[in-house]
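fold the following, please.
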Amino acid sequence: MKQIGRFSPYQKVITLTLALIQFCVVLDFMVLAPLGTFVMKDLHLEPSQFAIVVSAYAISAFVSALLTAGFADKFDRKKLLVFFFSGFIIGTLFCAMSTNYYGLLGARIFTGLFGGVMSSISFAIITDIFEVDKRGRIMGFIQMAFGVSQIVGIPLGLMLTNWVNWHLPFYAIVGFAILVLAFVLIFMKPITAHLAIKSESNAFQHLMKTVRNKRYVTGFLATTLLATGGFMLMPFGSDFAVQNLKLTTDELPWMYILTGVFTFISGPLAGIISDKFGRMKLFVSGTFISICIVLIYTQLGASPLWLVILLNVILFMGIQARIVPAQAMMTAVPSPQDRGAFMSINSAVQQLSGGISSFVAGLIVYKSANGEIQNYPILGFVVTGTMIVAMIMMNRLHKLLNKDAH
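Below is the predicted model:
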């Protein structure tokens, strides 16, 4: 067991700032899935159309992240953060104002162009500001955004939807995000140390050099597989719970609240375990837990609320045990002068993988005459396969990083 370093006051402020940003971006993406049953009913959407709406965000995020990659290391990271976060807020406002399928589709494309880059900018900032032995804990803390979005954001979104309509949660996200943007402008210092490092003057050359790096490619391939599972299962999660598991719309918020409480706790805990005992060990454990629960959950029929909550809690703890060490490992992959480009491309391939996965999931599942989601178990088998291959790829990346360290 190794000793781990302490955080400075400014590092704590930055951690809180990035966590708040992540909360906004995650909630904007995640809230659409539990609201899916309401959105599809209100806008008269088929599952395949809703899957396209979800995947549109991811695919536009891929394009944006790829185009940004060549320029990501040539600007003050704070300025990039402010620019893209502002665009994200405007896109979310468009989502709130959507009244038909094409309006919502266009709004999600616009939001993806800006929101899809936020994670890569945040991870580049983390790598610039935090030492490598602190990054597991930082990633764990940032992942608390998923827990908070489930404890507060998603249940509140469902309650606001039941109270008024599905548009109101997006207006609420816009209001909160504006406050976070003000926090960034006031408290975050310029981040320019990477600008002193000499790199290619041509953005395209910088992009090509990053793409051709064999170690980077291994990281990109691992990320591609990591994104698949969530994007396949999440878009239809609320509809599956209501139509197949027979939860009521009043019970649905409790599923997200209690799952979120444990996700809130497991994120930081996974970060501590990752820094102290090893990232790959935690990743493998999380993979086996996730596989077991996915295979059980996707086969369920009508089930009591307590069982649905229990399985969701264990599943999300397994997912956290995969995401936290994987993201910490990714921060160690690029050289300082390539961090922005690597993180942007990494985000791009993650979004593309997610977009394609969501689209494919929409082709696999369909609604029967009684409203139930069919072929959900098939998605479970597909997700299991991607998890196994992802584990093999992450182990290969882990060995490469260990070899470079020695």
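
by contact count, what packs against the host helix or strand of Arg108?
Under the criterion of DSSP states H and E, Arg108 resides in helix 101-115. Judged by 3 or more C-beta pairs under 8 Å, 6 or more residues apart in numbering; DSSP states H and E, the packing partners of helix 101-115 are helix 9-30, helix 36-43, helix 47-69, helix 77-97. Every residue, glycine included, has its C-beta placed from N, CA and C.

winner for burial among these?
Most buried of the helices and strands packed on helix 101-115, by mean neighbour count (mean count of other C-beta atoms under 10 Å): helix 47-69, with a mean of 23.

any idea of the angle that helix forms with helix 9-30?
150 degrees (axes from the mean of the first three to the mean of the last three C-alpha atoms, to 10 degrees).

kindly format the C-alpha coordinates of helix 47-69 as PDB.
Output of helix 47-69 as PDB, limited to C-alpha atoms (Å, rounded to 0.1, in the frame of the first residue of the first chain):
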ATOM      1  CA  PRO A  47     -38.100   3.500 -30.000                       C
ATOM      2  CA  SER A  48     -35.900   3.800 -33.100                       C
ATOM      3  CA  GLN A  49     -36.600   7.600 -33.400                       C
ATOM      4  CA  PHE A  50     -35.800   8.100 -29.700                       C
ATOM      5  CA  ALA A  51     -32.600   6.100 -30.200                       C
ATOM      6  CA  ILE A  52     -31.700   8.500 -33.000                       C
ATOM      7  CA  VAL A  53     -32.300  11.500 -30.700                       C
ATOM      8  CA  VAL A  54     -29.900  10.000 -28.100                       C
ATOM      9  CA  SER A  55     -27.300   8.900 -30.700                       C
ATOM     10  CA  ALA A  56     -27.400  12.300 -32.400                       C
ATOM     11  CA  TYR A  57     -25.900  14.000 -29.300                       C
ATOM     12  CA  ALA A  58     -23.100  11.400 -29.300                       C
ATOM     13  CA  ILE A  59     -22.300  11.600 -33.000                       C
ATOM     14  CA  SER A  60     -22.300  15.400 -33.100                       C
ATOM     15  CA  ALA A  61     -20.000  15.300 -30.000                       C
ATOM     16  CA  PHE A  62     -17.700  13.000 -31.900                       C
ATOM     17  CA  VAL A  63     -17.400  15.500 -34.800                       C
ATOM     18  CA  SER A  64     -16.900  18.400 -32.400                       C
ATOM     19  CA  ALA A  65     -14.200  16.600 -30.300                       C
ATOM     20  CA  LEU A  66     -12.400  15.500 -33.400                       C
ATOM     21  CA  LEU A  67     -12.300  19.000 -34.900                       C
ATOM     22  CA  THR A  68     -11.200  20.400 -31.600                       C
ATOM     23  CA  ALA A  69      -8.400  17.900 -31.100                       C
END
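
what's the closest of the helices and strands packed on helix 101-115 to Cys292?
Set against Cys292 and scored by C-beta to C-beta, the helices and strands packed on helix 101-115 come closest in helix 9-30, at 23.2 Å.

which outside residues touch that closest one?
7, 57, 81, 85, 88, 92, 95, 111, 115, 118-119, 122, 125-126, 129-130, 134, 138, 141-142, 144-146, 148-150, 153-154, 157, 170, 173, 176-177, 180, 183-184, 187-189, 234 (C-beta atoms under 8 Å, 6 or more residues apart in numbering).

figure out how far it is from the centre of its chain.
Chain-centre distance of helix 9-30: 12 Å, with C-alpha atoms, centre = their mean, to the nearest Å.

so where's this protein uncertain?
Within the chain, the stretches with pLDDT under 70 are 1-5, 69-73, 132-136, 139-140, 143-153, 193-207, 229-231, 336-337, 339-340, 404-406.

that one: strands as residue ranges?
All strands of the chain, identified by DSSP state E, fall at 366-367, 373-374.

how deep is Phe183 tucked in, by neighbour count?
15 (other C-beta atoms under 10 Å).

got the contact list for it?
Contact partners of Phe183, counting by C-beta under 8 Å, 6+ apart, are 17, 20.

could you check how far it is from Val211?
35 Å (C-beta to C-beta, to the nearest Å).

do Ile265 as well
38 Å.

wait, which of the helices and strands packed on helix 101-115 is closest to Arg279?
The nearest among the helices and strands packed on helix 101-115, by C-beta to C-beta, is helix 9-30 at 19.0 Å.

coming back round to it: and the strands of the chain, which is most packed in?
strand 373-374 (a mean of 17).

which helices and strands does it pack with?
helix 237-243, strand 366-367.

so for Ala326, which of these sits nearest?
Comparing the helices and strands packed on strand 373-374 by C-beta to C-beta, helix 237-243 comes nearest, at 21.5 Å.

before we move on, back to that, want to try TSV for the helices and strands packed on strand 373-374, with distance to Ala270 as columns?
As requested, the helices and strands packed on strand 373-374 are exported to TSV (distance: least, C-beta to C-beta, whole Å):
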stretch	distance to Ala270
helix 237-243	22
strand 366-367	36
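
how about the helices and strands packed on helix 101-115, which one is nearest Lys281?
Shortest distance between Lys281 and the helices and strands packed on helix 101-115, using C-beta to C-beta, is found for helix 9-30: 24.5 Å.
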